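**Q** show me the folded form of this:
(one chain, ligands or ions: 1)
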Amino acid sequence: MLQDTFEFSSSFAGPRLAVTILMHGDEACGLAVLDTVRAENFALSSGSLVVLVLNRRAHEAPEGPVRHLGTDMNRIWSHAGLGERTEEARRVASTLPCLKDADAILDIHSMPSQDTPFLFVSETHPRSADLAEKLGAAVPRVVTAPPPQQRGMALFETELLSKETPIVVECGQHQSAQAPDVARATFLRFLSVHGMIETGGDAETASSETVRFYEMCREIKLDQGPLTLALPMRGFDRLDRGETYGWDGPRPLIAEEDCHVLLTRPAVNPGDEALTLVRLTRTRHV
Ligand SMILES: [Zn+2]
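**A** Coordinates of the predicted model:
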């Protein structure tokens with residue numbers, strides 16, 4: 001058994017699920033899942049589950065939890081990334097056999113600034129959007145990302161897994177008091193929609209919910225910098241076409257269409273990624 005690999009199984013046949021936590025060392029909300037599965041009363045009614053702690057070294061860094069120790073572990077889930085011969089690539093390679101036979105994978109993250117939770121799926125794995133809709137009662141926003149072009153490949157879009165259904169939950173801001181609750185509720189919903197725990201209690205936190213689906217529309221990079229925002233943004237902030245939402249140095253940033261601000265980053269220099277904008281594509285009642 002690998003270090004930081006936690007296996008659970010029922011005596012009844014059922015799905016095989018995987019949960020990954022601490023891919024980024026400063027995103028500690030996923031540890032709530034570990035507390036849940038290690039509690040005395042936790043039991044699966046069918047199937048099996050593996051929980052993988054991916055980057056404990058970054059979490060336990062001497063200076064305190066950090067995103068990574070030199071290589072971003074969520075940019076190397078590709079044949080090219082595995083060829084880099086870093087410590088992180090070695091650990092991704094050793095994790096793959098645990099993920100390869102999973103029916104679905106829940107990858108738990110949090111965000112530097114924004115505090116509105118959402119599910120993140122990739123066009124490269126179309127069935128992930130169907131799973132996201134089922135998880136919508138726990139987290140009612142779903143963002144679909146196109147295949148990566150200017151960055152390395154993440155777990156949720158990896159070419160190294162094909163039949164599996166990976167999905168990311170961004171549980172809120174790193175230090176948010178609610179983020180561990182969001183992680184736990186999403187995890188329990190993930191188990192219950194696969195029929196692996198008795199429903200009721202924490203697993204059914206909402207009776208009906210409107211799930212909103214978004215697609216990426218623009219990544220804003222700075223031409224001059226620094227970035228100044230017109231308003232504090234908490235995630236999914238609505239922008240109307242023509243609205244000035246910030247400045248790139250002296251240059252106003254003006255919305256080209258009605259859209260929402262998914263993420264803002266502390267961008268300062270030319271070329272820094274500053275904001276990600278998304279547009280609403282559909283809504284669905286679950
Ligand atoms: Zn992350």
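**Q** where does the protein dip in pLDDT?
**A** Low-confidence segments of the chain, defined by pLDDT under 70, span residues 1-3, 200-207.
**Q** that one against the ion: which residues are in contact?
**A** By C-beta under 5 Å from the ion, the residues of the chain that approach the ion are 24, 27, 109. No exception for glycine: its C-beta is placed from N, CA and C like everyone else's.
**Q** which of these lies closest to R38?
**A** The closest of the residues of the chain next to the ion to R38 turns out to be E27 (C-beta to C-beta; 19.3 Å).
**Q** which SSE is the closest residue to that closest one other than its chain neighbours in?
**A** Closest residue to E27 apart from its sequence neighbours, by C-beta to C-beta, 6 or more residues apart in numbering: S110 at 4.3 Å. Assigned by DSSP states H and E, S110 belongs to strand 104-111.
**Q** the helix or strand just after that strand vs strand 104-111, what angle?
**A** The helix or strand immediately downstream of strand 104-111 is strand 118-122, counting by DSSP H and E. With axes from the mean of the first three to the mean of the last three C-alpha atoms, to 10 degrees applied, the angle from strand 118-122 to strand 104-111 works out at 120 degrees.
**Q** please enumerate the strands of the stretch 101-250 of the chain.
**A** Assigned strands in the stretch 101-250 of the chain, in chain order: 104-111, 118-122, 141-145, 165-173, 210-221, 227-229, 237-239, 244-248 (criterion: DSSP state E, counting those that start in this stretch).
**Q** residue contacts, the residue of the chain most remote from its centre?
**A** Using C-alpha atoms, centre = their mean, the residue of the chain lying farthest from its centre is P250. It sits 33.5 Å away. Counting by C-beta atoms under 8 Å, 6 or more residues apart in numbering, P250 makes contact with Q224.
**Q** who's the residue of the stretch 51-200 of the chain at minimum distance from the ion bridged to?
**A** Distances between the stretch 51-200 of the chain and the ion by C-beta to the ion are smallest at H109, namely 3.4 Å. Beta-bridge partners recorded for H109 (DSSP bridges): E170.
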